[in-house]
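A.B. asks: Build the 3D model from these lines:
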Amino acid sequence: MGGNALVPIVMFGWIPVVFYIFLRYPAQRAVIISFIFAWLFLPVAEIKLPGLPDYSKMTATSYGILLATALYDSDRFRSFRFSWIDIPILCWGIVSPVMSSMTNDLGTHDAISGALSQTVTWGVPYFLGRIYLNNLAGLRQLAIGIFVGGLVYIPFIWYENRTFSSLHVAVYGMDTGRDLAQSFRLGGYRAQVFMEHGLMLGVWMMAVCIMGIVLWRMEIIKRIWNQPIGLWIAILLITFINARSTGAYNLFLLGTLALFIAWRFRNSLVIWFITLAICLYLFLGASGNFPSKQIIAAISQVFPEERVQSLQFRFDNEEILGLKARQRIAFGWGGFGRN
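C.D. replies: Numbering: from 1, shown residues only. All right, here's what the predicted structure looks like:
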């Protein structure tokens, strides 16, 4: 686990805090606050528990919300109705890890362990989203929660940018394993605050900015903390630029372009096009036909050498992983790091 004494105190103390949040706010809002606050401020740490998946910021929140729902909002469980849209997460959480272990002769213990780990890590948050955020009002509350979470993070990002220091190390006494060289990008220090990496922070701030644009464009909210939302979006965009993540910049441009095209023509065709493009990218990567060399050759004429090398590093590792995966393309390699 590592870190100072504050790490286990915060991790195990988070469950009763979730109980308090449920007492303080309506259940739907309590779920959103619990997940976002945990994601933003709990340590990047995993505590080994015998017979259970590793205890992390997300599993702690999932356990807390499940228990709080059972205590304060038990009727919510009965609202769940299994549907065809739940089949993919069922396959991912249970069928895939079990079949992976069995086809690799890893035994029943590995199958149960894999299924339990996948279920807690992905299945439980999905299930909580299905029973609490399964309508337009719930998604609207989630969008507002993400936007406010980004606003709360602004001073922490600027602090790390200006002090060239890690709040995660200062507060919890542990690093997240990030290479120090990756902390310096585009002529400055790349913040990560309480996330695993600066890239993760960049993607989070990208999502926050897009949520802000949606809330502003749809006039869902006009003022936050007695200030116009336009002012907050401007501050967020400047902070996002200081996140120094080129990939997040590109995702932001693509996302906002898709949104404005959809709004302009009142058509969701561009969203479907992007979705199909992602599927095509995954298919080409899995089949070993992704034209990485041609892409690198093309962008090397436009972008700096450092950025091109960063992308090539990702492509090269994806090809190595893809080659390994294609040896057992149906159910993969199972546990124990065999992938």
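
A.B. asks: Where do the strands of the stretch 51-200 of the chain begin and end?
C.D. replies: Secondary structure of the stretch 51-200 of the chain, counting by DSSP state E, counting those that start in this stretch: strands at 52-55, 184-185, 188-189.

A.B. asks: May I see those strands arranged in JSON lines, with distance to residue 140, mean neighbour count and mean pLDDT as well?
C.D. replies: All C-beta spots, glycine's among them, are computed from the backbone N, C-alpha and C. Compiled in JSON lines, the strands of the stretch 51-200 of the chain are given as follows (distance: least, CB to CB, whole Å; neighbours: other CB atoms under 10 Å; pLDDT from 0 to 100):
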{"stretch": "strand 52-55", "distance to residue 140": "32", "mean neighbour count": "16", "mean pLDDT": "82"}
{"stretch": "strand 184-185", "distance to residue 140": "34", "mean neighbour count": "16", "mean pLDDT": "73"}
{"stretch": "strand 188-189", "distance to residue 140": "35", "mean neighbour count": "16", "mean pLDDT": "81"}
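
A.B. asks: Show me the one of those strands that comes nearest residue 319.
C.D. replies: strand 184-185 (24.3 Å; CB to CB).

A.B. asks: the domain parsing of the chain - what is it?
C.D. replies: Annotated domains of the chain cover 6-134, 136-247, 268-339 [automatic domain parsing].

A.B. asks: quick one: strands adjacent to the worst-scoring helix or strand of the chain on mean pLDDT?
C.D. replies: Here the helix or strand of the chain ranked lowest by mean pLDDT, DSSP states H and E is strand 184-185, holding a mean of 73. Sheet pairing for strand 184-185, assigned by DSSP bridges, gives strand 188-189 (antiparallel).

A.B. asks: Let me see the residues that make contact with the partner strand.
C.D. replies: 160, 161, 164, 183, 242, 244 (CB atoms under 8 Å, 6 or more residues apart in numbering).

A.B. asks: cool, stretch 85-92 as well?
C.D. replies: Defining contact as CB under 8 Å, 6+ apart, one finds that stretch 85-92 is touched by 118, 122, 123, 126, 130.

A.B. asks: which residues sit in contact with the fourth one?
C.D. replies: Right, the one you point to is residue 126. Counted by CB under 8 Å, 6+ apart, residue 126 has contacts residue 89.

A.B. asks: how much space between it and residue 76?
C.D. replies: Separation of residue 126 from residue 76 (CB to CB, to the nearest Å): 15 Å.

A.B. asks: Could you list the low-confidence segments of the stretch 51-200 of the chain?
C.D. replies: Scanning the stretch 51-200 of the chain for pLDDT under 70 picks out 181, 186.

A.B. asks: again, only using 90
C.D. replies: For the stretch 51-200 of the chain, the stretches flagged by pLDDT under 90 are 51-56, 58-59, 79, 91-122, 134-135, 161, 163-166, 173-192, 196-199.

A.B. asks: Would you state the helices of it in chain order?
C.D. replies: Secondary structure of the stretch 51-200 of the chain (DSSP state H, counting those that start in this stretch): helices at 57-72, 87-90, 96-103, 107-118, 124-132, 136-163, 167-172, 198-217.

A.B. asks: In the first one, which residues are buried?
C.D. replies: Read it as helix 57-72. 57, 58, 59, 60, 61, 62, 63, 64, 65, 66, 68, 69 (16 or more other CB atoms under 10 Å).

A.B. asks: ok, the fifth one touching residue 18?
C.D. replies: Yes. Using CB atoms under 8 Å, residue 61 is in contact with residue 18, at 6.6 Å.

A.B. asks: residues bridging contact with these two, i.e. touching both?
C.D. replies: Taking CB under 8 Å, 6+ apart as the contact rule, residue 61 and residue 18 both touch residue 34.

A.B. asks: Now tell me what touches the helix or strand encompassing residue 247 from outside.
C.D. replies: Per DSSP states H and E: residue 247 is located in helix 246-265. Outside helix 246-265, the residues that touch it by CB under 8 Å, 6+ apart are 185-186, 199, 202-203, 205-206, 209-210, 213-214, 217, 240-241, 268-271, 274, 307, 310.
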